[in-house]
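Asks: can't give you the sequence, but here's the structure:
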């Protein structure tokens, strides 16, 4: 049932109501954390449709994650009914780019030389392409690293720079190198009929430039444009939004410069800071009431962020309770930090203050997750790591996805190389045979896959030109590969994706890859089977459309989309960058140390450029504002770096937090090593705990911290990160409470080994 105007405004504060009902002209909404910006966006769209009579197809709403788009659409449908939103264009910038390219196949083919069945390369595919591009440019990959080249290419595309632009403006030899690699990279993309993520933004702009009539059509369609998280837009996104909104001028952007944390992705905070300069007649509305967090957390965040200069000044308030004290905890090292976090979570859950799924542990770098994961793995808690290896990035899943991509786009050479290198069907097809196939494809200007298809008798008989001449095992392998793909291509468009998957597993002999019986292979086979379940979701989609829709959906999945909202009993481990937009009753921000948060490179560059330091402060601000009720900030007195412990000090970002809102627990170091004293290296295991509140002593609590070594006994089943699973044969006590553990490992190639418990990093399984 649709809602009336009073219903759409009921429960909104005065500024939120103004944001919903100010519909004409450009509008900037500066929305602080927890201030209800999503509700404003959804109610505004409902208001446009329900009360202004705007057709949903005339509204474009752009978000930064698929998850945010789904949540917003669900909310709008609850407000005005599912039927009322038919035609509403809502999704990420990348999804919008795909939409524009797919909707204009003729124009795209003519203007951009891109066929309608193009595929979207993920980061792994792009890296493979960059490696080939470096080699094609006659450069040494050891000297010119593909990863750095890919980063430079991405940065160039984000500001609409072509390889020619870089070459023409080159101010150094390195720029010339980048231009050469960039040019080769683009050739390879076009040859594979593929695009990368940056192309999904840049190619629509290029299409608009070359074909103004296409731009005019979209300008006419989208009378109202709404952009969420505007502070995270880069140059090309800015240009796209500006171009699309030029005719009607109804551009509504929501964002918070204090949460701009993606400068390394080329996000430009100036886009939101300069909005009033770009649109002098724009309305500016501030949402300053935080409905998420306690008063102490809101006050702490407000004090922290005031240290930045590049921001729009505002003061956050809240009607929520004072809340519990923020906990600042100093630990001896990263192991102690991880163990303490797990123990504190255990205490919170036992006291029924929160459930495990209401807890998030956040950190600055993915490297920090290793020690945290070790601590959780030996605890009773389930956990999910956000920002780790996603399902679609797992090798066995990527292998089958490569086959699907080739069926859809036979020009996808990166996918073909993966099939040859990774799947059983490619066995026997060596470098010499590959050279034959490549030369034939180049000479005849044909897709590389055609070299294999010509080995199928039915196809070979129809060929009028010369065929590639393979010999020996290469000829047999080429025929095997060609026959398999011909079978699969005949099924494309005729069967469901799940049925196509069954055919792939059969003709590609996939099952034999996982028949060793090891736990690892069983898990990998389970992932492959999970892929089939995922494909079944497309059973109701017409077969001719299913493969394109599925590949597109997979390509646009982000870290935030992988978070399990209903993962009961599961603690979330997540990077601070991935945490933006989320909220949890209890948050632990780990590693709040100088050199880590803020990161060392920001500290180094601060003297001549404060932008990196300001972004680090915004990152800390994002972390603490994810917390609703409980906030913990931890740091280590020493942290293992490059094989040795180095002393650490608490982050400068902690200092502005009001003393009356924070309880601090520190450790008092008794350094017995002159080397540690002279060089700032902390010796783990010699610390005394001292509670303080907020900055003064309460009472000393003596406690000896020693490295955690499991109590290994004969017969225990253990897991070693290198040797895998094994059984303890004997245990011998050594000095310093250490133990020599003899383990018979399950894999024959590792045999029986004697290991020192303190050094082996083994987990006790049972």
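Replies: Thanks, I have it. The structure presented is a predicted model; accordingly, all values stated were derived computationally and were not measured. Numbers count the residues shown, from 1 in each chain.

Asks: Against residue 370, how distant is residue 335?
Replies: 11 Å (Cβ to Cβ, to the nearest Å). All C-beta atoms are positioned from the backbone trio N, CA, C, and that covers glycine.

Asks: And those two? Which one has more around it.
Replies: Legend: neighbour count by other Cβ atoms under 10 Å for residue 335 and residue 370, higher for residue 335 (20 against 11).

Asks: Verify the contact between that one and residue 371 for me.
Replies: Yes: the criterion here is Cβ atoms under 8 Å, and residue 335 meets it with residue 371 at 6.0 Å.

Asks: per-residue pLDDT, residue 683?
Replies: Per-residue pLDDT puts residue 683 at 39.

Asks: What of residue 536?
Replies: Predicted confidence (pLDDT) for residue 536: 86.

Asks: Contacts only, for the closest residue to it other than its chain neighbours.
Replies: The shortest distance from residue 536 to any non-neighbouring residue, by Cβ to Cβ, 6 or more residues apart in numbering, is to residue 498 (4.7 Å). Contact partners of residue 498, counting by Cβ atoms under 8 Å, 6 or more residues apart in numbering, are 532, 535, 536, 538, 539.

Asks: Would you format these as a markdown table with neighbour count, distance to residue 126 and secondary structure included?
Replies: Output for the contacts of residue 498, formatted as a markdown table (neighbours: other Cβ atoms under 10 Å; distance: Cβ to Cβ, whole Å; DSSP: H, G, I helix; E, B strand; the rest coil):
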| residue | neighbour count | distance to residue 126 | secondary structure |
| --- | --- | --- | --- |
| 532 | 16 | 27 | helix |
| 535 | 21 | 24 | helix |
| 536 | 14 | 29 | helix |
| 538 | 18 | 25 | helix |
| 539 | 12 | 31 | coil |
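
Asks: and whichever strand or helix holds residue 205, average pLDDT?
Replies: Residue 205 belongs to helix 199-210 when assigned by DSSP states H and E. If you average the pLDDT over helix 199-210, you get 95.

Asks: Sort out which residues of the helix or strand residue 108 falls within are buried, please.
Replies: For residue 108, the host element (DSSP H and E) is helix 105-112. Judged by neighbour count (16 or more other Cβ atoms under 10 Å), helix 105-112 contains these buried residues: 107, 108, 111, 112.

Asks: How about stretch 481-496?
Replies: 481, 482, 483, 484, 485, 486, 488, 491, 492, 495, 496.

Asks: Other residues contacting it?
Replies: Defining contact as Cβ under 8 Å, 6+ apart, one finds that stretch 481-496 is touched by 403, 406-408, 410, 419-420, 425-426, 429, 449, 452-456, 458-459, 499-500, 503-504, 507-508, 535-536, 538-539, 543-544, 546-547.

Asks: What is the subsequent helix or strand relative to the helix holding residue 205?
Replies: Downstream of helix 199-210, the next assigned helix or strand under DSSP H and E is helix 212-221.

Asks: Next, count neighbours for the residue lying closest to residue 755 once chain neighbours are set aside.
Replies: If the residues on either side of it in the chain are set aside, residue 755 comes closest to residue 741, at 5.3 Å by Cβ to Cβ, 6+ apart. Residues near residue 741, counting by other Cβ under 10 Å, number 25.

Asks: For residue 741, give me the backbone phi and psi.
Replies: Note on residue 741: its backbone torsions stand at phi -110, psi 120 [degrees, to the nearest 10].

Asks: since we're on residue 227, how many residues are nearby?
Replies: By other Cβ under 10 Å, 26 other residues sit near residue 227.

Asks: Start at 157, not 1
Replies: Shifting the count to begin at 157 puts that one at residue 383.

Asks: Where does pLDDT dip in the stretch 507-656 of the chain?
Replies: Across the stretch 507-656 of the chain, the ranges flagged by pLDDT under 70 are 543-546.

Asks: so where do the strands sit in it?
Replies: Counting by DSSP state E, counting those that start in this stretch, residue ranges of the strands within the stretch 507-656 of the chain are 515-519, 538-542.

Asks: Same check on the stretch 307-456 of the chain?
Replies: Remark: strands assigned in the stretch 307-456 of the chain by DSSP E, counting those that start in this stretch are 350-351, 380-383, 407-411, 439-443.

Asks: Mind giving me the PyMOL select for the contacts of stretch 637-652, buried ones only?
Replies: Command for PyMOL that selects the buried part of these, burial taken from 16+ other Cβ under 10 Å:
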select buried, resi 559+562+563+564+566+575+576+581+582+585+605+608+609+610+611+612+615+655+656+659+660+663+664+691+694+699+702+703
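
Asks: Mark which of the contacts of stretch 637-652 are part of helices, please.
Replies: Of those, the ones assigned to helices by DSSP state H are 559, 562-564, 575-576, 605, 608-609, 614-615, 655-656, 659-660, 663, 691, 699-700, 702-703.

Asks: coming back round to it: would you turn the buried residues of helix 261-268 into JSON lines with distance to residue 595?
Replies: Output for those, formatted as JSON lines (distance: Cβ to Cβ, whole Å):
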{"residue": "263", "distance to residue 595": "34"}
{"residue": "264", "distance to residue 595": "30"}
{"residue": "267", "distance to residue 595": "31"}
{"residue": "268", "distance to residue 595": "28"}
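
Asks: Closest to residue 247 out of those?
Replies: Distances from residue 247 to the buried residues of helix 261-268, taken as Cβ to Cβ, are shortest for residue 264 (18.7 Å).
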